[in-house]
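Student: give me coordinates for this.
(one chain, ligands or ions: 2)
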Amino acid sequence: MSGNTTTDKAITIRNLVVDYGPRRILNGINLEIPNGQIMVIMGQSGAGKSTLLRCILGLKKPTSGSIHMLGTDIATASRTDIYKARKQIGVAFQGGALFSSMTVAENIQLALHEHTNLDEKTIQIMTRIKLDMVNMLEAENLMPSELSGGMAKRAALARAIIMDPKLLFFDEPSSGLDPSTAAELDQLILTLKKGMGMTIVVVTHELDSIFKIADHIAVMKDGNLIETGTPQQIIASTNPEIQGMLNRKPRETIVDTDAHLRRLTGGF
Ligand SMILES: Nc1ncnc2c1ncn2[C@@H]1O[C@H](COP(=O)(O)OP(=O)(O)O)[C@@H](O)[C@H]1O
Ligand SMILES: [Mg+2]
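Tutor: Numbering: from 1, shown residues only. Ligands and ions are numbered 1, 2, ... in the order given. Next comes the predicted model:
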C-alpha cells in the first residue's frame, strides 16, 4: 500500500492473535486500513473474518497484539475507552438485528436518544435525512416484520450511520439478498464513501460485490491474512489459493459444449 504515514490509516492492526479456548483462530494478523476508503475482507467461511471484526469492535479481547483505531488501542483499552471509541463507529451486522417491537424510525433513533440531548423534532428530522439516504423514507412507521430482506438491511444501515460515524463496519451485507437488491446495497455503500467520506470495512465473500466496491482487499484463510492489495493486485496474484477463490465458476460456464461432450463420451 502507498503513503505509509500513520495519519492516513484509520485502523492499524499488528500481530493480532486470537484463541477460543485451546484453538488458535487468528494467527498473527497485520493489516492497515486506509482512511476514507473501502476495505473488503474476504475469505472462505471459518477463515476468521467475523472474529477479526469482533476484535476491532472491542467485542472480543485478543490473546495478544494491537488494534489502533481513532487514537485508542482497542486490544488493551478499558471498557470506558472502548465505549468512547465505539460511539464514533457504525456497525451493520449480518441479519440486520432491528428491535422487533419498535418502528423503523424508532430503531434508527436509538443512538440519538442514548448519546445526545437533541429535542424530538431535531431527532425526527435527522432520522428522516438518514432514511432518505437509504431510500426508506416511506418505511418510517413500519415494523421490522413488515420489511423485505433488502429493506431490513437498508434500515440497519440507516441506524449504523445515524451518528455520522467516521468508520462503518459491515458483516456480510448482501448475504440472503437477491442479486439486484445486493447491487443496490453496493451502490449505497459507494454513495456513503463518496458523500460522507467514511472509512468502510466490509466482510463478504460475494465476488461480484467485492470487485464493485473495494479500494483494497484483504484475503483471509484459516486465521491468516494471505494477501492484501488493490482489486487489480488481487486479480493478478500468483497465489494459487487466491486464484482458487476467484475462479469458483459454476459448471454451467463450460462454453465449448462439443468438446465437453467428447470428453464425457470418450470421443464417440
Ligand atoms: N464464540 C466462539 N467460540 C469458539 N469458536 C468460535 C467462536 N466464534 C468463532 N469460532 C470459530 O472461529 C473460526 C472463525 O470463525 P469466524 O470468525 O466466524 O469466521 P468467518 O467469519 O470467516 O466465517 C471458526 O472455526 C469458528 O468455529
Ligand atoms: Mg462471518
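
Student: doesn't residue 47 make contact with residue 223?
Tutor: Yes: if you go by CB atoms under 8 Å, residue 223 and residue 47 touch, sitting 7.1 Å apart. Backbone N, C-alpha and C define where each C-beta goes, glycine included.

Student: how close does residue 79 sit to residue 69?
Tutor: 16 Å (CB to CB, to the nearest Å).

Student: ok, the two, which is more surrounded?
Tutor: residue 69 (26 against 8; other CB atoms under 10 Å).

Student: which strand residues bridge that one?
Tutor: residue 11, residue 72 (DSSP bridges).

Student: quick one, what contacts it?
Tutor: Neighbour list for residue 69: 10-12, 56, 85, 89, 167 [criterion: CB atoms under 8 Å, 6 or more residues apart in numbering].

Student: return the members of these classed as buried.
Tutor: With burial judged by 16 or more other CB atoms under 10 Å, the buried subset of these is 10-11, 56, 85, 89, 167.

Student: mind telling me the two of the residues you listed farthest from one another?
Tutor: 10 and 85 (11.7 Å; CB to CB).

Student: return the helix or strand in the chain with minimum mean pLDDT.
Tutor: helix 257-265 (a mean of 73; mean pLDDT, DSSP states H and E).

Student: show me how far that one is from its chain's centre.
Tutor: Using CA atoms, centre = their mean, to the nearest Å, the mean C-alpha position of helix 257-265 is found 42 Å from that of the whole chain.

Student: coming back round to it: between the contacts of residue 69, which is closest to residue 131?
Tutor: After measuring the contacts of residue 69 against residue 131 - CB to CB - the closest member comes out as residue 89, at 20.4 Å.

Student: leaving out chain neighbours, which residue sits closest to the closest one?
Tutor: Using CB to CB, 6 or more residues apart in numbering and skipping residues adjacent in sequence, the residue nearest residue 89 is residue 167, 4.4 Å away.

Student: surely the one you found meets residue 197?
Tutor: No: with contacts counted by CB under 8 Å, residue 167 stays clear of residue 197, the gap being 11.0 Å.

Student: rewinding a little: can you check which residues contact both of residue 10 and residue 85?
Tutor: Common neighbours of residue 10 and residue 85 (CB under 8 Å, 6+ apart) are 69-70.

Student: all the helices of the stretch 151-268 of the chain, in order from the start?
Tutor: Under the criterion DSSP state H, counting those that start in this stretch, helices of the stretch 151-268 of the chain are mapped to 179-196, 207-213, 231-235, 240-246, 257-265.

Student: run through who's touching the second one.
Tutor: Right, the one you point to is helix 207-213. 38, 40, 42, 173-174, 179, 182-183, 186, 189-190, 202, 204, 217, 231, 246, 248.

Student: ditto for the fourth one
Tutor: Counting by CB under 8 Å, 6+ apart, helix 240-246 makes contact with 42-44, 207, 219, 221, 226-227, 234-235, 237, all of which sit outside it.

Student: which of these sits closest to residue 122?
Tutor: Once CB to CB is applied, the member of the contacts of helix 240-246 that ends up nearest residue 122 is residue 42, at 39.6 Å.

Student: got phi/psi on that closest one?
Tutor: Here is the backbone geometry of residue 42 (degrees, to the nearest 10): phi -120, psi 170.

Student: how about residue 105?
Tutor: According to degrees, to the nearest 10, residue 105 has phi -60, psi -40.

Student: for it, give me its contacts.
Tutor: 124, 127, 131, 140-141.

Student: in PyMOL, how would I select the buried members of the residues you listed?
Tutor: The PyMOL selection below is limited to those of those classed as buried (16+ other CB under 10 Å):
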select buried, resi 127+131+140
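
Student: rewinding a little: deepest-packed of the helices of the stretch 151-268 of the chain, please.
Tutor: Here the criterion is mean neighbour count by mean count of other CB atoms under 10 Å, and of the helices of the stretch 151-268 of the chain the winner is helix 207-213, at a mean of 18.

Student: domain-wise, how is this protein divided?
Tutor: Here the chain is described, according to automatic domain parsing, as comprising the domains 6-88+165-265, 101-163.

Student: closest to ligand 1 out of these?
Tutor: Ligand 1 sits nearest to domain 6-88+165-265 of all the domains of the chain, at 3.3 Å, using CB to the nearest ligand atom.
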